[in-house]
Structure formats: C-alpha cells, structure tokens
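# Here's my sequence, what's the structure:
(chains A, B, C and D)
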There are 2 protein chains.
Amino acid sequence: MTNRIRTERRREALSKTRIVEAAIELLDRAGEDALTFRALAAHLATGSGAIYWHVADKNDLLAAAADHIIAGVMADAVRGSSPQDVIRTMALGFFDTIHAHPWVGGQLSRSPWQYAVVRMLEGVGRQVQALGVPEHTQFNAATALMSFILGLAGQYAAGARHFPRDADRTETRKAFLGAVAAKWLQLDPAEHPFVRQVAKVLPEHDDREQFLAGIDLILAGIERIR
Amino acid sequence: MTNRIRTERRREALSKTRIVEAAIELLDRAGEDALTFRALAAHLATGSGAIYWHVADKNDLLAAAADHIIAGVMADAVRGSSPQDVIRTMALGFFDTIHAHPWVGGQLSRSPWQYAVVRMLEGVGRQVQALGVPEHTQFNAATALMSFILGLAGQYAAGARHFPRDADRTETRKAFLGAVAAKWLQLDPAEHPFVRQVAKVLPEHDDREQFLAGIDLILAGIERIR
DNA sequence: GACATGATTGGAACAACGTTCCAATCAATA
DNA sequence: TATTGATTGGAACGTTGTTCCAATCATGTC
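A predicted model of the protein is given here:
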C-alpha cells in the first residue's frame, strides 16, 4: 500500500508552510531585522541548510511571508455600495494589515513585482474597471492607487524600524514624531515655511485618516477623468 | 599667522564632501550594492576607519548622498504659469533624477525622514498652499503627493536592482517587463482578469507618462476638494 | 627649532549575516 | 535486507558594516 500521505519524520516534518509561519512569527514579534536564518533555524530546532532545501533564498522567504499575509486580507470579502466604497474598504484593509505587520510594507515596496503586489493590483484594478474608467486609463489609475499605497507602506515600515519594540507602540511613536516636529521647527522659517507649519500638526495626526484622505484624493481625481 | 584654511595633507584632504562625491560616483556606476566601505576606501585610496571619522555610518553616508542629488534638483528654479504647472514640472524633475540615479529612489523610500525628503515636501507643500487648499487639508494633500512619488521612486529602485548594468538600459528593461507580462498572462483568467488585461500594455508603457498621469490624478482630486 | 597635543589616517580585527557544502539520517522501494 | 533518493543539521566560506588602535600629520608653545 503506497501511502502518499507523508508520515511525520520527527515531530513535524519541515515544510515551506511551517517555515513561512515561523518566519512571520519572528517578524511580527521582533521586527524586520530579527529574521535571520540562524534565528529561524533555532526557532524551528533545525539547521539553516534544512531551510534552504525548502526555500530558494531570503527574498523567496520574505515574498512567501508577505504573500501569506496579503492573501489573508484579500480573502476577506469586501462589501460596498459603490466601487469607490469597495476601494476605500479594501485600502483600509491594506492599511490595518501593514500597520499590524510593518515588515510587510517594507517587503512590498522593496520588491513590487512579487505576487502579493499583483494580488493587490488585481483587487484594486477590478474596482477601477467597475468605476467606468476608459480602458486605456485604467492602467494609470490603478497603478497610481498602488503606488500611493506602496509609498505609505514603505513609510510605515521605516517608522517601525526606529522602534522594534511593540510594548508602547503608540507612545514611542508620538515621542518620535514629536522629536521630528521639533527638529523641523528649528529650520529656517524663510526656507521652510510649509514644513514648519506642518510640524505643528504632525505629532497629533492620525495615520489612518491621512491614508484614507490620500485614497479619496485619487478617487476624486479618477472620477473627474472618468 | 593662524591660517584657518586647511592645507592639504597628502593629495587632497579627506572630507565628507569628497567622500559623498566618491560614493555617488560608485552608486551611479555600479548600483546600490556596489557601495561598500571597502570599495569606497579603495576608490579614495584610504581605509575604512578614515571614512568613519567623517561619517557616522552607512545610512548617514547614503542620506548625505541622496540629499546632495535632491538639493541639485530643487536648486533648478521651477517656472510655471500655475501652481499645478509648477508641481508638474517639479515632479518631472524628481522623476528624471530618480530615473538617472535609481539608488536615490531606494534611499528616499527606505528612510523617508531624512532631510532630502523634507526638502521635497517643502517644495511640493508650498505649491499646494498656492493652490488655495484650506490649511487643514494641506497636510494630507502634500503628503499624498509625496507618498505617491516615494512609492514610484521605490519601484524604480527595485527595477534597477534587477539589472545593475547601464549598457542597454532600455533594452533589458523591455525584456524584463516582457517577462513579467508573460508570467501575468499565464495566470488564471477567472482570478486575474484585470492583471491579464494590463499585461498587454505593460511592456510598451512609458514610465514618465505613467508618473505624470498619477500626479495629474492627484492634482485633479485636490482641485475638487479645494 | 624641538616638542607636545590633538586631529586625522589606514588597516587589522570582530561579529553577524546569507549562502554553500557535505556527511549523516530517514522513508520508501526493490 | 539492501539500495536509493529525499531530507536534515551544522560546519565552513566569503562578504558586509563597524570598531579599535597604533602610526602619522599639522599646529601652537616653549
């Protein structure tokens, strides 16, 4: 009897899925820099060579991890009365996910040709189609939305790189933005009037609202072109 | 007589400026990965320790290099009949610069709090003010433009990472996009209708036009909110 | 004009990383 | 049971950013 079901070797057999899940746990707990093949091997009680049998290289691993997360967001059925509503809801899903896993933002903006990004582009693009945008401008409209999203995704990842601790996330963030604002306020008023004005609202601003405002701006622009 | 002008030690004294210029040359010639302290030290005929006396760390060096480039773009006086025109021209200046030095795009999107980005935000923000946007939405409008720009900047850097050669830049790019499009066309038509449609125009599309279309979309959105 | 002092240099040394290599081990087949 | 190929674990390699330190230079003081 040829049993195709793989019997466990030791505890649980190593597999790409198990490796990716362990990588995600590591990334979520301690941040982007914490994912090393040594740490991962220790976490899985194996060696780095064994991991390399299932995974091509570190980028392959990160891409698989990011795709696993993004696939989860896309699976949530998005409801909305209009294509605009669907895009807004979908975008907020992206935001919440990237806020919860900032390393995903870094990975997406670092290699935008990976499948996770294609997934997102498909979701966004379909709604752009539904919006009634002429075909030859659908490409520009959808990629504009994606570029904006990826741009902010990279920023959140950069922010998280400054404080890998997850303890008082919101508290350290405020302190960090306060420090940035203080530095901006010390700039020459003649040279940097706008930045100095913006510095006043920077520490108190809401990332989520800022993100949605950007999406709405692009949506309003699309509606105008339509 | 206390001469404050530093006399050259050997050929030319090492200085942050000279180091940054050498770094830029290295980055332009051979790409992001080519900038190592060893290569830089060899290029300057010195040791890595000497470089570290003038520069805090690699990020400091990259930030200074990126700022040097961005300062050059911002120095070009931007003329335009309307704030929209100025923003368009300024954005195209960013595009051309980042296209010529893709590593700048990577650096800007990787650490968006550095001074180079503040410079850009000031330039964009001032025109948003001139556009007559109410003060409390100037922040969202200006950062939306910046996020879009940084998002695409990161993408160009990622693209350049695939072919560090500068020989037939445009030829390899076309081949690369062709390969991406071919992969997209093999996706399940039921799952990825939009991406498959976009794949047809992907290899022939013009980056610069796509970039400008995105800017125009956001500008149209801003005008609507104004 | 020697000397002391602090700024500056160059290169060796260190720790950490991604990756490769390979002998050892396991599960399934002959 | 012997053999084969898939899979494992960990040592080893080359490269990186960074640190360290002895040597060197320019300059102000006696």
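# The residue nearest to A:Pro193 when sequence neighbours are not counted: neighbour count?
Spatially, and ignoring its direct neighbours in sequence, A:Pro193 is nearest to B:Arg126 (7.0 Å; C-beta to C-beta, 6 or more residues apart in numbering or on different chains). For glycine as for every other residue, the C-beta is placed from the backbone atoms N, C-alpha and C. B:Arg126 is flanked by 20 other residues according to other C-beta atoms under 10 Å in any protein chain shown.
# gap between B:Arg126 and B:Ala141?
Separation of B:Arg126 from B:Ala141 (C-beta to C-beta, to the nearest Å): 12 Å.
# For DNA strand D, what's its nearest residue on chain A.
At 1.7 Å from DNA strand D, A:Gly49 is the closest residue in chain A, using C-beta to the nearest atom of the strand.
# is the longest helix belonging to chain A up against chain B anywhere?
Selection of the longest helix in chain A by residue count, based on DSSP state H, yields helix A:135-162. Yes - using C-beta under 8 Å from any C-beta of the partner chain, helix A:135-162 reaches chain B at A:135-144, A:146-155, A:158.
# Next SSE downstream of that helix?
Counting by DSSP states H and E, the next helix or strand C-terminal to helix A:135-162 is helix A:169-185.
# Which residues does that next one contact?
Residues outside helix A:169-185 that contact it (C-beta atoms under 8 Å, 6 or more residues apart in numbering or on different chains) are A:159, A:162-163, A:165, A:192, A:195-196, A:198-200, A:202-203, A:205, B:113, B:118.
# Okay, and which of those map to helices?
Among the contacts of helix A:169-185, the members falling in helices (DSSP H) are A:Gly159, A:His162, A:Val195, A:Arg196, A:Val198, A:Ala199, A:Lys200, B:Val118.
# Could you report the neighbour count for the second one?
Translated: A:His162. For A:His162, the count of nearby residues is 12 (other C-beta under 10 Å).
# cool, the fourth one as well?
Other residues within reach of A:Arg196, judged by other C-beta under 10 Å, total 17.
# rewinding a little: now the helix or strand hosting the residue nearest to A:Pro193: buried residues?
If you go by DSSP H and E, B:Arg126 is part of helix B:115-130. Burial within helix B:115-130, assessed by neighbour count using 16 or more other C-beta atoms under 10 Å in any protein chain shown, is assigned to B:116-129.
# one step back: got the buried residues for the longest helix of chain A?
Using 16+ other C-beta under 10 Å as the test for burial, helix A:135-162 gives A:137-161.
# The helix or strand harbouring A:Val104 vs helix A:115-130, what angle?
Per DSSP H and E: A:Val104 is located in helix A:102-110. Here the directions of helix A:102-110 and helix A:115-130 differ by 80 degrees (axes from the mean of the first three to the mean of the last three C-alpha atoms, to 10 degrees).
# Near A:Thr97, how many residues? Count them for me, please.
A:Thr97 is flanked by 18 other residues according to other C-beta under 10 Å.
# For it, give me its contacts.
Listed by C-beta under 8 Å, 6+ apart, the contact partners of A:Thr97 are A:Ile69, A:Ile70, A:Gly72, A:Val73, A:Val104.
# how about the third one, what does it touch?
In this structure, A:Gly72 makes contact with A:Thr97, judged by C-beta under 8 Å, 6+ apart.
# rerun that using 10 Å as the cut-off
Taking C-beta atoms under 10 Å, 6 or more residues apart in numbering or on different chains, we find A:Gly72 in contact with A:Gly93, A:Thr97.
# go on, the one 4 residues further on?
Going by C-beta under 10 Å, 6+ apart, A:Asp76 touches A:Thr89, A:Met90, A:Gly93, A:Thr97.
# ok, so of those residues, who is nearest A:Asp216?
Checking these against A:Asp216 with C-beta to C-beta, the nearest one is A:Thr89 at 12.6 Å.
# Hey, what's the angle from the helix or strand encompassing the closest one to helix A:102-110? Just curious.
If you go by DSSP H and E, A:Thr89 is part of helix A:83-100. Between helix A:83-100 and helix A:102-110, the angle comes out at 120 degrees (the same axes, to 10 degrees).
# for helix A:83-100, the distance to its chain's centre please.
Distance of helix A:83-100 from its chain centroid, counting by C-alpha atoms, centre = their mean, to the nearest Å, is 11 Å.
# Wondering if the helix holding A:Val104 reaches DNA strand C at all.
No - legend: contact between helix A:102-110 and DNA strand C by C-beta under 7 Å from any atom of the strand is lacking; minimum distance shown is 12.4 Å.
# how big is the angle separating that helix from helix A:169-185?
Relative orientation of helix A:102-110 versus helix A:169-185 (the same axes, to 10 degrees): 50 degrees.
# Quick check, the residue in chain A closest to chain B?
With C-beta to the nearest C-beta, the shortest gap between chain A and chain B falls at A:Gly151, namely 2.7 Å.
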